[in-house]
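Visitor: sequence plus the predicted model coming up.
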Amino acid sequence: MKYRSKQMLYSYIFFNIIGLNEYLGCFYDDIVNRDLELFIATNDKITPEQCVSGCQQLNYLYAGIQYGSECRCADTFGRHGQASDDDCDYFCTTSERCGGKDRNSIYKVISIENVPDKG
């Protein structure tokens, strides 16, 4: 299927792609040497979908949420190692893991350029 308008494409992305972003785990962070280089937002009601969408628009490969409210983006992650999922003990309003104290819940971002052509 070819998309007749940008709105149709954006609707496809919103309903089919954003929901596919994969949780990769809980990872350590260091306040002096951040694991995810770009801080983009703080929002007490942030969801993984919102953070992933923000990172997606900026063409990053990974999104991370820390303290349940801070969204960060990067093309690599994990320089400080993987933590137990129990360490990411902050939850978003959607009940999904949203980091912890110096812990990032990492989500893979699906690139808009990789949207499948259904026709």
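Guide: Done, it's in.
Visitor: ok, the nearest residue to C71 once chain neighbours are set aside to C26 distance?
Guide: Distances taken as C-beta to C-beta, 6 or more residues apart in numbering place C51 nearest to C71, at 3.8 Å, with adjacent residues excluded. Backbone N, C-alpha and C define where each C-beta goes, glycine included. Per C-beta to C-beta, to the nearest Å, C51 is found 15 Å from C26.
Visitor: of the two, who's got more company?
Guide: More crowded of C51 and C26, by other C-beta atoms under 10 Å: C51, with 28 against 21.
Visitor: now that one: phi and psi?
Guide: Main-chain torsions, C51, degrees, to the nearest 10: phi -60, psi -50.
Visitor: can you pull the contacts of it?
Guide: Listed by C-beta atoms under 8 Å, 6 or more residues apart in numbering, the contact partners of C51 are I40, A41, A63, G64, I65, C71, Y107.
Visitor: how about the fifth one: what's its closest non-neighbour residue?
Guide: Of all residues not flanking I65 in the chain, C98 sits nearest, at 4.3 Å (C-beta to C-beta, 6+ apart).
Visitor: go ahead and confirm that neighbour touches Y90.
Guide: Yes - using C-beta atoms under 8 Å, C98 is in contact with Y90, at 5.0 Å.
Visitor: the two: which is more packed in?
Guide: Taking other C-beta under 10 Å, C98 and Y90 do not tie; C98 has more neighbours (27 against 17).
Visitor: got phi/psi on the more buried one?
Guide: Here is the backbone geometry of C98 (degrees, to the nearest 10): phi -130, psi 50.
Visitor: only whichever of the contacts of C51 are buried, select them in ChimeraX.
Guide: For the buried members of the contacts of C51, the matching ChimeraX selection, counting by 16 or more other C-beta atoms under 10 Å, is:
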select :40,63,64,65,71,107
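Visitor: among the contacts of C51, which lie within strands?
Guide: I40, A41, A63, G64, I65, C71, Y107 (DSSP state E).
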